[in-house]
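Engineer: coords please:
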Amino acid sequence: MSPEEPSAGKGRVRVLHVLKSLGLGGTEKVAQLFLAHLDQARFETAVHSPEDGPRAGQIRAGQIVGGGSATFVGMGLAKALAAFRPQIIHLHRAGWPEPDFLRPVRDYVARNPATVVVETNVFGRHDPSPSGAVIDAHLFVSHFCAGRFARHTGIAPDWPRYGVLYNPVDTDFFAAALPEGPAAGPRAQGPVLGRVSRADPGKWSRLALDILPRIARELPDFRYRVIGGIPEAEAFVRERGLSANVEFLPPVSTDAELAAFYGGLAVLAHANDTGESFGLVIAEAMACGLPVVTHPCPDERDNAQLELVEHGVTGFVAAHAEEYAAAVLRLLREPELARAMGRAGRAKAARLFRAQDVAARLGDMYLELLARKGREA
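Structural biologist: Predicted coordinates:
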């Protein structure tokens, strides 16, 4: 057997996660959590990205848990594949055709036909191109994405070609950082809501702003803490005299910083007109014991936020600004209801998104796919 021929039977299985960058986005964080929580007795892990970023050092150091992963940064994918010789290549991408991105993978698999190629299909898109045929298994991050894929393509998203694997969340860490107790959940002082996103207009909705004057009329002392503010939001707050209520904060890079932020809130106010294919911020807020208010998106836009937030159970789903503001006000005025919804959200997050459990399922998928591919090869 040549050194490039994969075999699950000898030593640990080599898994290379492939990303476009190593920034602070949700896609990069998901890959980091998989790298951290895959069983190190069974898998040797590494990551490739053509661009460096703040997650690279965290991954090498094993910042989430012990035992970091190798990083191949700033080099071509073909070179990284030749250096690491993975038996499993795990791509993190949108899902649509990308022949240039996939070309090094196709070339590597042509030389190593037992190699398994898996993708986390972030947006549930279809790739019918010849390059896309190199992918053995497509993992959708929500049942919403799998269902929309089936509606648009007529293809049943059945295993082993397709599957649903929720994004991992370090629910154990968040539970320890914000432990249950008599108050059960975050320790907000007064009526405080918050939101988290990238500082990108595409991650915002007018709902996130239009609710503020309505809330201010009834709760003049409310606070709104925002990570990921944009110029439009800052101008809206300034022009309406809400600067004493709204605080724009810098981005955070660790779960410890996130826990500190969530711990000072009573409600997470989620609003994004493009919707969520999963909703990592929502899942993390739930893991911290926060009720979440969100909204539906029209037509076939992403709507997995409705899969995470169960109306009346883990938060509220509001269709317009008046309804949204009323939901936020109710949670701010009824702390027992907010805590009950927060507990329900925390339980759901632990049941469905716990990083160790999701990574274990991914590991089992890897080994099944590797066995199948080996028999075919």
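Engineer: just give the closest residue to Leu77, not the sequence neighbours.
Structural biologist: Excluding the flanking residues, the one nearest Leu77 by CB to CB, 6 or more residues apart in numbering is Pro104, at 4.2 Å. Where C-beta positions appear, they are placed from N, C-alpha and C, glycine not excepted.
Engineer: thought Leu280 was touching Val169?
Structural biologist: Yes: using CB atoms under 8 Å, Leu280 is in contact with Val169, at 7.2 Å.
Engineer: comparing those two, which residue is more hemmed in?
Structural biologist: A side-by-side neighbour count of Leu280 and Val169, using other CB atoms under 10 Å, places Val169 first with 27 against 22.
Engineer: who's in contact with that one?
Structural biologist: Val169 sits next to 33, 280, 283-284, 287, 349, 353-355 when contact means CB atoms under 8 Å, 6 or more residues apart in numbering.
Engineer: what sits opposite it in the beta ladder?
Structural biologist: Counting by DSSP bridges, Val169 is bridged to Arg354.
Engineer: and the residue nearest the centre of the chain, how far from Ala326?
Structural biologist: For the chain, Leu280 is the residue whose C-alpha lies nearest the centre (CA atoms, centre = their mean; 3.8 Å). According to CB to CB, to the nearest Å, Leu280 stands 27 Å off from Ala326.
Engineer: of the contacts of Val169, keep whichever come out buried.
Structural biologist: With burial judged by 16 or more other CB atoms under 10 Å, the buried subset of those is 33, 280, 283-284, 287, 349, 353-355.
Engineer: what count of nearby residues applies to the closest residue to the residue nearest to the centre of the chain other than its chain neighbours?
Structural biologist: Counting by CB to CB, 6+ apart, Gly26 is the residue found nearest to Leu280 once chain neighbours are left out, at 4.2 Å. Applying other CB under 10 Å, we find 20 residues neighbouring Gly26.
Engineer: my guess is Gly26 meets Val141, correct?
Structural biologist: No: the pair Gly26 and Val141 does not pass the contact test of CB under 8 Å, sitting 9.5 Å apart.
Engineer: now list whatever residues contact both of those two.
Structural biologist: 167, 278.
Engineer: just confirm Phe248 is within a strand.
Structural biologist: Yes: Phe248: assigned to a strand according to DSSP: H, G, I helix; E, B strand; the rest coil.
Engineer: name the helix or strand for the closest residue in space to it that isn't next to it in sequence, please.
Structural biologist: The shortest distance from Phe248 to any non-neighbouring residue, by CB to CB, 6+ apart, is to Gly229 (3.8 Å). Counting by DSSP states H and E, no helix or strand carries Gly229.
Engineer: ok, Gly229 to Pro201 distance?
Structural biologist: Applying CB to CB, the value for Gly229 to Pro201 is 11 Å.
Engineer: please apply the same query to Tyr224.
Structural biologist: Using CB to CB, Tyr224 is found at 18 Å from Pro201.
Engineer: of the two, which one has the most company?
Structural biologist: Applying other CB under 10 Å to Tyr224 and Pro201 shows that Tyr224 carries more neighbours, namely 26 against 11.
Engineer: follow-up on the earlier one: now the contacts of Val169 as TSV including distance to Val164?
Structural biologist: Below are the contacts of Val169 laid out as TSV (distance: CB to CB, whole Å):
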residue	distance to Val164
Leu33	17
Leu280	16
Ala283	15
Glu284	19
Ala287	19
Ala349	16
Phe353	12
Arg354	16
Ala355	17
